[in-house]
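Peer 1: heads up, no residue letters with this:
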Ligand code: EZ4
Ligand code: CO
């Protein structure tokens, strides 16, 4: 099993995706997701210029050795670009190995530890009534756990609020929140932490009154708070029994969570922008979080994330893998095989992709009654249609950013 072809495919059906396709001399192929939202072409160049030449002629069955070689030989370790590139190679090699074995990938990872994966979707709205409608529409699609994001009175636009509801056959009404907007410049949004801290508890109070105590609810603070503000939010949401609060403080400083943890019993999740075990070292050992948010796509693939999650398991921390639309169906499928195999699976984020994306990526995982099923096709179970992919050339796109009333750029 020698790698004799490595292609980096950029396609932009509903949004940009970067996919690595490796092919072996015995005709097997594997896919890996390398999509880094808003910085896609940096990973394309890293792969095309610096990694693809190293892969041709290598043994496709040596997954661990290839991972260590790419990580250590570069000298410049870690970082989102490097780790997304390594992840794509790693997942493509696992896909090939599982296809060669004639097994779905989760079997090679130890077999299934559960029947399916509980997933959560994203409800949002500018008013509580809009939020209720969005939650109901997610429940109609089967979702059994729901993230709730709300506009804040006095702020014009705020990240995570879907602006449009669309209808798609088989999917029903989708509240389509696409994290990155296409265009030459990022959208500018506004932010006021005091207004946010006042408003959010009133939203969760209203949602609990409307939907009752049972429905698992989540919330994402997008790294915008100081530790003491985060502590206050955690405390003020305790009466509404959240499944988790995500990304309370900026991700660089693991120690910030010590202070938050001293003040609140609201479960905490962090890690969608982390890329190695070193980003988690202190917060895992000190049990400062309850859920780990890393995606396979941004954390060095199956090989590295499995190790991180097994480390976390020793401290009763569960997975909550990142799954917005900027994780491609390839990245989502890889996450599902890993989530099915590990013991400490918690929940999977799942924003459905649009019809164009589904036409480029032929998927065998399924969605039924709030659960994701990886399926039993050999490999990860996703194939890419090169002709369809070619119909959607790359479009510049950026995540938005925000400024305070006086013009200061704020964390996000
Ligand atoms: O901001 O996917 O939990 N999900 C999120 C997402 C991320 C984007 C970044 O690319 O926070 O909306
Ligand atoms: Co998030």
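Peer 2: Done, it's in. Note that the structure is predicted; figures quoted are calculated from it, not measured. Ligands and ions are numbered 1, 2, ... in the order given.

Peer 1: Report the residue spans of this protein with pLDDT below the cut-off.
Peer 2: For the chain, the stretches flagged by pLDDT under 70 are 163-165, 167, 169-170, 174-176.

Peer 1: so which residue of it comes closest to ligand 2?
Peer 2: residue 220 (4.3 Å; Cβ to the ion). Every C-beta, even on glycine, is put in place using the N, C-alpha and C of the backbone.

Peer 1: Start and end of stretch 322-331, how far apart?
Peer 2: 10 Å (Cα to Cα, to the nearest Å).

Peer 1: what's the answer for stretch 12-25, then?
Peer 2: OK, stretch 12-25 end separation, Cα to Cα: 29 Å.

Peer 1: Now the residue of the chain closest to ligand 2. Nearest residue, chain neighbours left out?
Peer 2: residue 246 (4.3 Å; Cβ to Cβ, 6 or more residues apart in numbering).

Peer 1: Report the distance from the stretch of helix or strand residue 9 belongs to to the chain centre.
Peer 2: Residue 9 belongs to strand 3-11 when assigned by DSSP states H and E. Averaging C-alpha positions (Cα atoms, centre = their mean, to the nearest Å) puts strand 3-11 23 Å from its chain's average.

Peer 1: before we move on, the earlier item: got the contact list for the residue of the chain closest to ligand 2?
Peer 2: By Cβ atoms under 8 Å, 6 or more residues apart in numbering, residue 220 lies in contact with 147, 149, 160, 245, 246, 247.

Peer 1: Quick check: which of those are also close to ligand 2?
Peer 2: On the criterion Cβ under 5 Å from the ion, none of the entries of these sits beside ligand 2.

Peer 1: Selecting buried members of those residues in ChimeraX, what would you type?
Peer 2: One line in ChimeraX is enough to select the buried ones among these; burial here means 16 or more other Cβ atoms under 10 Å:
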select :147,149,160,245,246,247
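
Peer 1: Strands along the stretch 1-150 of the chain, start to end?
Peer 2: 3-11, 17-24, 29-33, 117-125, 146-150 (DSSP state E, counting those that start in this stretch).

Peer 1: Point out the most buried one among those strands.
Peer 2: strand 29-33 (a mean of 27; mean count of other Cβ atoms under 10 Å).

Peer 1: Check whether that one comes near ligand 1.
Peer 2: No: taking Cβ under 6 Å from any ligand atom as the criterion, strand 29-33 and ligand 1 are apart, separated by no less than 12.8 Å.

Peer 1: Run the angle between that strand and strand 17-24 for me.
Peer 2: 150 degrees (axes from the mean of the first three to the mean of the last three Cα atoms, to 10 degrees).

Peer 1: Distance from strand 29-33 to the middle of the chain?
Peer 2: With Cα atoms, centre = their mean, you get 18 Å for strand 29-33.

Peer 1: What of stretch 240-254?
Peer 2: With Cα atoms, centre = their mean, you get 15 Å for stretch 240-254.

Peer 1: next one: stretch 17-26
Peer 2: 22 Å.

Peer 1: Over to stretch 302-319?
Peer 2: On Cα atoms, centre = their mean, the centre of stretch 302-319 falls 16 Å from the chain's centre.

Peer 1: how about the helices in the chain?
Peer 2: 40-45, 52-55, 63-73, 80-101, 105-108, 128-140, 193-211, 227-237, 256-263, 281-285, 301-313, 329-341, 355-360, 386-390 (DSSP state H).

Peer 1: number of nearby residues for residue 130?
Peer 2: 18 (other Cβ atoms under 10 Å).

Peer 1: Check the spacing between it and residue 329 real quick.
Peer 2: 29 Å (Cβ to Cβ, to the nearest Å).

Peer 1: What of residue 136?
Peer 2: Counting by Cβ to Cβ, the gap from residue 136 to residue 329 is 26 Å.

Peer 1: Which one of the two is surrounded by more residues?
Peer 2: Taking neighbours as other Cβ under 10 Å, residue 136 and residue 329 compare with residue 329 leading, 26 against 15.

Peer 1: check contacts around that one.
Peer 2: Contacts of residue 329 (Cβ under 8 Å, 6+ apart): 353, 357, 358, 361, 363, 365, 382.

Peer 1: can you count the residues close to the closest residue to it other than its chain neighbours?
Peer 2: Nearest residue to residue 329 in three dimensions, chain neighbours excluded: residue 361, at 3.9 Å (Cβ to Cβ, 6+ apart). Other residues near residue 361 come to 24 when the count uses other Cβ under 10 Å.

Peer 1: repeat for residue 262
Peer 2: Neighbours around residue 262, by other Cβ under 10 Å: 9.

Peer 1: How about the one 10 residues further on?
Peer 2: Close neighbours of residue 272, defined as other Cβ under 10 Å, add up to 24.

Peer 1: So it sits against residue 299, correct?
Peer 2: No: the criterion here is Cβ atoms under 8 Å, and residue 272 misses it with residue 299 at 9.7 Å.

Peer 1: so what's the most centrally placed residue in the chain up against?
Peer 2: Residue closest to the average C-alpha location in the chain (Cα atoms, centre = their mean): residue 322, at 2.2 Å. Contact partners of residue 322, counting by Cβ under 8 Å, 6+ apart, are 271, 272, 293, 294, 295, 298, 349.

Peer 1: For the first one, list the residues it contacts.
Peer 2: For residue 271, the set of contacting residues under the criterion of Cβ under 8 Å, 6+ apart consists of 251, 279, 280, 289, 292, 293, 294, 322.

Peer 1: ok, back up a step: from the contacts of residue 329, which is closest to residue 216?
Peer 2: residue 365 (21.4 Å; Cβ to Cβ).

Peer 1: Distance check, the closest one against residue 96.
Peer 2: 18 Å.

Peer 1: got it, and residue 2?
Peer 2: Counting by Cβ to Cβ - residue 2 and residue 96 are separated by 11 Å.

Peer 1: Settle it for me: which of those two has more neighbours?
Peer 2: When neighbours are counted by other Cβ under 10 Å, residue 2 and residue 96 differ, and residue 96 comes out ahead with 25 against 12.

Peer 1: which residue sits closest to that one, ignoring its sequence neighbours?
Peer 2: Closest to residue 96 by Cβ to Cβ, 6+ apart is residue 30, at 3.7 Å.

Peer 1: and that neighbour, what are its bridge partners?
Peer 2: Beta-bridge pairing of residue 30 under DSSP bridges involves residue 22.

Peer 1: Then residue 318?
Peer 2: residue 291.

Peer 1: if I pick it, what's in contact with it?
Peer 2: Counted by Cβ under 8 Å, 6+ apart, residue 318 has contacts 290, 291, 292, 312, 344, 345, 346, 347.
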